[in-house]
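A.B. asks: dropping the sequence and predicted coords here.
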Amino acid sequence: MPPELFTGLTNIAAGGRLAEAIKLLFCANLKPPQQEFRIQAMIQEHNTKKIDLEWNDDDVVPAVVYPNLDFLFQQMLNLTLEEVGPNPGELILDVGCGRAIDGARLWEKGAQVVGLEPSRVMLVRAKEYLSQSNSRVALAQGIGENLPFKPHSFNKVMCKGALDHFLSPGQTMEEIARVLKPDGEMIISIANFNSLGFRWGKRLYPVTKFLAPSLAKERKPWELPPDHKYKFDYPFLSNLVKQHFEIKKTKGISLFFGLPLWGSFLSRLPHFVSYALLKILDKLVRPFPSLADVILMKCSPIDKPG
Ligand SMILES: C[S@@+](CC[C@H](N)C(=O)[O-])C[C@H]1O[C@@H](n2cnc3c(N)ncnc32)[C@H](O)[C@@H]1O
C-alpha cells in the first residue's frame with residue numbers, strides 16, 4: 001500500500017462518525033480480535049443483528065456453469081468496470097466487495113480502492129486473493145448502511161451484485177450519497193427479478209417441467225435465494241436511487257437467463273455459436289434494463305440544500 005494512500009485513508013477514518021468502528025484491514029495487517037470487537041460494536045449500535053458475518057460465496061457458482069451464466073457473469077463484470085471507468089489517483093469504494101477481485105481490477109488501472117465487506121470469511125478470501133495477485137486494495141469491515149467514512153471522501157462508489165443482500169438498501173443509498181464527493185458517481189449493478197427471461201420462464205414452467213421433470217427438484221431462478229433480502233427490478237431500483245441521486249445512465253445486461261432449459265440448450269451448441277447468440281441478445285437488451293437479466297445504473301448525488 002503506497003504511504004500516501006495509507007495516510008489518505010487514515011484521515012478518512014479518523015474523522016468518520018464511526019471512526020471507532022472502522023477497520024482498515026491493510027493486506028498485511030489484520031488484527032482479528034480487535035476487528036471482531038469493533039464490528040460487533042458497530043452492528044449493535046446500528047441494530048443490525050441479522051448481518052451474516054460468516055457469509056461465503058461457495059454457492060454463488062453452481063456445479064455446472066452453462067454458457068448463459070458464464071456470459072452473464074463476464075458481462076456484468078466488464079460493463080460495471082467499464083462504467084466505473086477508473087482514472088489514476090481516484091479514490092473508489094466498493095461496497096460489498098466480496099473477494100475484492102473487482103477492486104483489484106480498478107487498482108490495476110491506477111485507482112486507489114477501498115473494499116468494504118461485513119463477512120469475515122470473505123475478508124479472509126479477499127486478503128488471500130490480493131496477496132496471490134499482488135494487488136493492493138484496502139479492506140475495511142463494515143456495512144453499507146453505516147459507512148465508516150467522512151462525507152465527500154470518494155470520487156466513485158460501486159456496488160456490484162450485492163445490494164439485494166443488504167438489510168436496508170435505502171439507508172445504503174443515503175450513506176453512499178454522503179461519502180461521495182459532490183461531483184462523484186455511484187455505479188450499481190444488480191440482478192433483475194422481473195426480467196423478460198424470468199417472466200417467460202414462469203409462464204413456460206409447466207411445459208418445461210413436463211419435458212424435464214428434474215427441474216421440479218431445483219430452486220426456480222426467479223425465486224428469492226435464501227441469502228437475498230430483496231427482489232430488485234427496474235422500478236424498485238429507480239425509486240430507491242432517486243431519493244438521493246440523479247440517474248445519469250441505465251443499461252440492460254444479458255437477456256433470457258432464467259428461461260428453463262435455455263442454458264442446457266446453449267451448452268449443446270458449438271461454443272462460438274452460443275456466445276454469438278448471447279452477444280446478440282445482450283446488445284438488443286442494452287437500452288431496455290427493465291427486461292434485462294442485470295440492471296446497470298450510473299448516478300450522481302443530488303445536491304441537497306443544507
Ligand atoms: C454476492 S456478493 C457480491 C460480491 C462482489 N461485489 C462481487 O460482485 O463479486 C454480496 C456481498 O455483499 C456483502 N454484504 C451483505 N450485506 C452487506 C451490507 N449490509 N453491507 C455491505 N456488504 C454486505 C456480502 O457479505 C457479500 O460479500
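C.D. replies: Yep, it's here.

A.B. asks: drop to CA atoms for contacts and neighbour counts, all remaining ones
C.D. replies: Fine.

A.B. asks: in stretch 260-270, which residues are buried?
C.D. replies: Buried residues in stretch 260-270, counted by 16 or more other C-alpha atoms under 10 Å: Pro260, Leu261, Trp262, Gly263, Leu266, Ser267.

A.B. asks: show me the longest strand that occurs in the protein.
C.D. replies: In the chain, assigned by DSSP state E, the strand with the most residues is strand 180-191.

A.B. asks: dihedrals phi and psi, Ser135?
C.D. replies: Backbone torsions of Ser135, given as degrees, to the nearest 10, read phi -110, psi 160.

A.B. asks: wait, doesn't it sit right on Leu106?
C.D. replies: No. The criterion here is C-alpha atoms under 8 Å, and Ser135 misses it with Leu106 at 9.9 Å.

A.B. asks: residues touching the most centrally placed residue in the chain, list them.
C.D. replies: In the chain, the residue lying closest to the centroid (C-alpha atoms, centre = their mean) is Lys160, at 2.0 Å. Residues in contact with Lys160 (C-alpha atoms under 8 Å, 6 or more residues apart in numbering) are Thr80, Val95, Gly96, Cys97, Ile187, Ile188, Ser189, Ile190.

A.B. asks: OK, contacts around the fifth one?
C.D. replies: Residues in contact with Ile187 (C-alpha under 8 Å, 6+ apart) are Thr80, Glu83, Val84, Lys156, Val157, Met158, Cys159, Lys160, Leu296, Met297, Lys298, Cys299.

A.B. asks: okay, now Leu196: neighbour count?
C.D. replies: For Leu196, the count of nearby residues is 19 (other C-alpha atoms under 10 Å).

A.B. asks: again with Pro289
C.D. replies: 22.

A.B. asks: likewise Glu82?
C.D. replies: Look at Glu82: counted by other C-alpha under 10 Å, it has 11 neighbours.

A.B. asks: try the one 5 residues further on
C.D. replies: Residue neighbour count, defined by other C-alpha under 10 Å, stands at 15 for Asn87.

A.B. asks: so it lies in a strand, does it not?
C.D. replies: No. Remark: Asn87 does not belong to a strand; assigned using DSSP: H, G, I helix; E, B strand; the rest coil, it is coil.

A.B. asks: I'd assumed Leu91 was in contact with Val113.
C.D. replies: Yes. Between Val113 and Leu91 a contact is recorded at 5.8 Å, counting by C-alpha under 8 Å.

A.B. asks: so between these two, which is more surrounded?
C.D. replies: Neighbours were counted for Val113 and for Leu91 using other C-alpha under 10 Å; Val113 has more, 29 against 22.

A.B. asks: hmm, back to that, between the buried residues of stretch 260-270, which sits nearest the ligand?
C.D. replies: Of all those, the ligand sits closest to Gly263, with 20.8 Å by C-alpha to the nearest ligand atom.

A.B. asks: that's a helix at the closest one, yeah?
C.D. replies: Yes. Judged by three-state DSSP, Gly263 forms part of a helix.

A.B. asks: wait, doesn't it sit right on Phe71?
C.D. replies: No. If you go by C-alpha under 8 Å, Gly263 and Phe71 don't touch, sitting 10.7 Å apart.

A.B. asks: and Asp94, helix, strand or coil?
C.D. replies: strand.
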